[in-house]
Structures are given as structure tokens and as C-alpha cells.
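Novice: Have a look at this fold, sequence not included:
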């Protein structure tokens, strides 16, 4: 890291194995901080998650309005990583839900949810903060090139929250499946999802309001705020599903 101006630390473990979560998120981030210190790198930016806040509902909250209440070992260890970076005088960027190339759980998880319960819990009106991975990259680059913001955290999302109903319609259209019916407070939906391996926290994330004020990062990064609607082309291409039969 010698001679480096800015380090962006975007490596995290997001699984459920406590040993790996502690080794990668806590100890690993500690190593990054120590290497920055030894090399004299003043600027360290860590990509975290809004899941450090725990379960919602969260409605338009600012970065300073909610403390740490993580609901999983991955989120708990990323909260520790945040504190290490902020203590160093670094900056933290918190996306909520990220779609795009490399996504292995958000949209694939939505598809599984749509299939398992025979419908969707709630009425589809929940508002979510989401962002495409390319827009997230632009925000990180803009922040890295902007004046240093020591000890600050930022939400990374499209400023306009996205209704679950609109998100599911986009998923259904891209994958050529039927958009699920909304089950409201159907008591059978929750047990069916838990039996399929979804945690209560995972279901909560996509059925209740989880949206966060994110205008600050767009301003500091010097970028014009984008919307989910403007990124639908990126959304579609990231999850292009071949209609050709599998010949393997």
C-alpha cells in the first residue's frame, strides 16, 4: 500500500458461519487498517451495509439517527469493522440492497421467495432503498476523489425508494415469470418461508419499509442522482436469462 492515496475496502463475508465472519470482517478489516497505518495511507473507505441497523421499519432515516442493532453474525461483524475504520478516521459507505453483475442473493432470493409461499407476504407497498452495482461503483469513485470526510458514514442508494410491487414486476418481467399475488397478512406465508430456509430478518428486509436518506453521498461524489427507473436497462442485462435449452 506504499504510495497509495486512497484504499477502498470492499471485501466482506456475508454468510452465516461465525468463524469466517469474525476472521474476514473483523480481523481482516483490522489488518487493512493496520496496513494503511504502516504505509501512511490517510484515506480508507469501507463498503458496509445498512443491515448493521437491524430490522425495520426504517423510513428515510439519516446516517446518525439509528445505532447498531445487527440481526445476524455477518452484520454484527461488519458493524465492528465499521468502528475500526471510523476509529482510524476513515469513511463508511452503507448500501442496503444491491443488484447487478455478481449478485448471488438479492434478486435470486426474491425469485425463491416468489415461488415458495405461492405469493408475497404483505401488500407490496413497502419501500426499499436499492442501488445498481455500477451506480455504487460511481459513488465510491466520486467519494474517493472528493475531499476527505474523516469519521463519516454515508448511505448509498437511489434517493427515491422503490416500492416492492415495482421491484417484483421488474423481476417477473426479466425472468419471464408471473408476478406473485400479494397475500396481505396471510398467516400461512410466514411459516412457509421459514420452512424453506428464510430467516425472519430476511423476510422483514423485503416486506417492510427499509429506506434511507442518501442525498449526501450523491452531492459529495459530485454526481447527478439516479433512479431505479433509469437503471432498468442495467437491471435487465445483469440478469439476462437465456431461453435456449440447456445442452450441457
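Specialist: Looks like it came in fine. Predicted model, so just to flag it, every value in this text is computed and none were measured. Residues are numbered from 1 along each chain as shown.
Novice: by contact count, what packs against the helix or strand bottoming out on mean pLDDT in the chain?
Specialist: The helix or strand of the chain with the poorest confidence is helix 189-195; it has a mean of 72 (mean pLDDT, DSSP states H and E). Applying 3 or more Cβ pairs under 8 Å, 6 or more residues apart in numbering; DSSP states H and E, we find helix 189-195 packed against helix 106-116, strand 120-121, helix 200-205. C-betas here are computed from N, CA, C, even on glycine.
Novice: now do 10 Å
Specialist: Packing contacts for helix 189-195, counted by 3 or more Cβ pairs under 10 Å, 6 or more residues apart in numbering; DSSP states H and E, involve helix 106-116, strand 120-121, strand 182-184, helix 200-205.
Novice: Looking at these, which one is packed in the most?
Specialist: strand 120-121 (a mean of 24; mean count of other Cβ atoms under 10 Å).
Novice: packing partners for the helix or strand following it?
Specialist: Next in sequence after strand 120-121, counting helices and strands by DSSP states H and E, comes strand 127-128. For strand 127-128, the elements it packs on are strand 58-61, strand 162-163, helix 164-175, strand 210-212, judged by 3+ Cβ pairs under 10 Å, 6+ apart.
Novice: okay if I get those as CSV plus mean pLDDT?
Specialist: As requested, those are exported to CSV (pLDDT from 0 to 100):
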stretch, mean pLDDT
strand 58-61, 96
strand 162-163, 97
helix 164-175, 93
strand 210-212, 97
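Novice: can you give me how far the longest helix that the chain contains is from the chain middle?
Specialist: Taking DSSP state H as the criterion, the chain has its longest helix at helix 73-87. Distance of helix 73-87 from the chain centroid (Cα atoms, centre = their mean, to the nearest Å) equals 15 Å.
Novice: And for stretch 34-53?
Specialist: Between the centre of stretch 34-53 and the centre of its host chain there is 17 Å, according to Cα atoms, centre = their mean.
Novice: buried residues in it?
Specialist: 36, 41, 43-53 (16 or more other Cβ atoms under 10 Å).
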